[in-house]
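Student: fold the stuff below for me.
(one chain, ligands or ions: 1)
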Amino acid sequence: MGLASARQTQLNPVIGTEIQGLDLNQLDEAMAGELRALLAERSVLVIRDQALDREAHKRVARIFGTGVLHQHALGSARGSDDPEVYPVRTNAASKITAGEGWHTDVSCDPAPIAASLLYMHEMPEHGGGDTLYSSMAECFTRLSPPLKELARNLKATHDGAFPYRTIYGIEPSAGTHYNKTVHPLVIRHPVSGKDILWINRGFTTRIEGVSHHENRGLMELFFQHIENTLTAQCRVRWEAGTLTIWDNVATQHHAVWDYYPESRYGERISVIGPEIHAA
Ligand code: SIN
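Tutor: All right, here's what the predicted structure looks like:
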């Protein structure tokens, strides 16, 4: 039973589709092809009522990108018992929560994550814990023509040390360092071919080739454009058993921590994509 017999509801015209009545344990080639096509079109898929063990979760992840699962640099420090599974756990003892702020997962890598799949196990009893997503194709489209032209001529550094050291306070393990990569500010999406605005508050530290104060002003201009372009955004309300798949090259996301001191727990599996190139 594939997507044709499932109920699909768009979260808004631009981004996000909710799917009910699909059983990902029945994944086969036909369903995989349908999910890849729908993700390329809608960027975020919210699939309700799943009963996935880790193997089934990994099987779904492997249908995207290169099929190679990502191992997060902070995995073991954040309590992971499987290098391919990144725990997203927040409770009364947490000082920070994963992903609270607009970001793209791990854009410091040379070949960024193609898709992340977060499977929710536990939600706060009294609500909250939504995640906002934003389409970076829509954000690029909504830039004015002179800003589009400027962005196409810029490159920026994405540095893992910025969030991992400065925000999470975790040093790289001995003899290793966090990834740092210079990417174009406008990239061509490897599947959809769309132009994507590729700069995020989570990882981007420096626009190359401009002065210090120009850098600060320009970065803030692009960040505020992204945050203020509400037509590009959708909001996902989770339930235990929801699997949300996001196209990590086409989107940014922001987890909302409004449920302290209650707990929320999900497991994220991400799959590496091909290298990205300027549009
Ligand atoms: C993340 O992957 O950044 C966490 C997203 C979330 O907890 O909703």
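Student: pull the contacting residues for the one residue in the stretch 101-250 of the chain that gets nearest to the ligand.
Tutor: Taking Cβ to the nearest ligand atom as the measure, the stretch 101-250 of the chain has Thr131 as its residue closest to the ligand, at 3.6 Å. Glycine gets a C-beta too; all of them are placed from N, C-alpha and C. Neighbouring residues of Thr131 by Cβ atoms under 8 Å, 6 or more residues apart in numbering: 99, 118, 235-236, 238, 244, 253-256.
Student: mean confidence for stretch 119-135?
Tutor: Average pLDDT, stretch 119-135: 98.
Student: same question, stretch 161-174
Tutor: Mean predicted lDDT for stretch 161-174 stands at 89.
Student: that stretch and the ligand in contact?
Tutor: No: contact between stretch 161-174 and the ligand is absent, the nearest approach being 10.2 Å (criterion: Cβ under 6 Å from any ligand atom).
Student: I'd like the numbering to begin with 5 instead of 1 from here.
Tutor: OK, 5 is where the count begins now, so the last one is stretch 165-178.
Student: quick one: contacts of that stretch?
Tutor: With contacts defined as Cβ under 8 Å, 6+ apart, stretch 165-178 is touched by 77-78, 81-82, 100, 107, 181-182, 184, 206-207, 209.
Student: where does the stretch 5-154 of the chain have low pLDDT?
Tutor: For the stretch 5-154 of the chain, applying pLDDT under 70 flags no range at all.
Student: could you check how many residues crowd around the residue in it positioned nearest to the ligand?
Tutor: Taking Cβ to the nearest ligand atom, the ligand has its nearest neighbour within the stretch 5-154 of the chain at Gly103, 2.3 Å off. Gly103: 22 surrounding residues under other Cβ atoms under 10 Å.
Student: what do you get for Ala97?
Tutor: 8.
Student: which secondary structure element contains it?
Tutor: Under DSSP states H and E, no helix or strand contains Ala97.
Student: where's the residue of the stretch 105-254 of the chain closest to the ligand relative to Val190, distance?
Tutor: Between Thr135 and Val190 the computed distance is 25 Å (Cβ to Cβ, to the nearest Å).
Student: what residues does the chain put near the ligand?
Tutor: That would be 92, 102-103, 109, 120, 122, 135, 257, 259, 272, which are the residues of the chain within reach of the ligand (Cβ under 6 Å from any ligand atom).
Student: excluding its backbone neighbours, what's nearest Ser84?
Tutor: Closest residue to Ser84 apart from its sequence neighbours, by Cβ to Cβ, 6 or more residues apart in numbering: Pro91 at 5.5 Å.
Student: confirm that that neighbour sits in a strand.
Tutor: Yes: using DSSP: H, G, I helix; E, B strand; the rest coil, the assignment for Pro91 is a strand.
Student: test my guess that it contacts Arg268.
Tutor: No: here Pro91 lies out of contact with Arg268, judged by Cβ atoms under 8 Å, at a distance of 11.2 Å.
Student: in terms of neighbours, single out the busier of the two.
Tutor: Set Pro91 next to Arg268 and count neighbours by other Cβ under 10 Å: Arg268 wins out with 23 against 17.
Student: nearest residue to the more buried one other than its sequence neighbours?
Tutor: Per Cβ to Cβ, 6+ apart, closest to Arg268 is Gly133, 4.6 Å.
Student: helix or strand: which one has Val275?
Tutor: strand 268-276.
Student: quick check: which helices or strands does that strand pack against?
Tutor: helix 58-65, strand 90-94, strand 117-126 (3 or more Cβ pairs under 8 Å, 6 or more residues apart in numbering; DSSP states H and E).
Student: return the most buried member of these.
Tutor: When the helices and strands packed on strand 268-276 are scored by mean count of other Cβ atoms under 10 Å, the highest mean neighbour count falls to strand 117-126 (a mean of 23).
Student: strand partners of that strand, parallel vs antiparallel please.
Tutor: strand 247-251 (antiparallel), strand 268-276 (antiparallel) (DSSP bridges).
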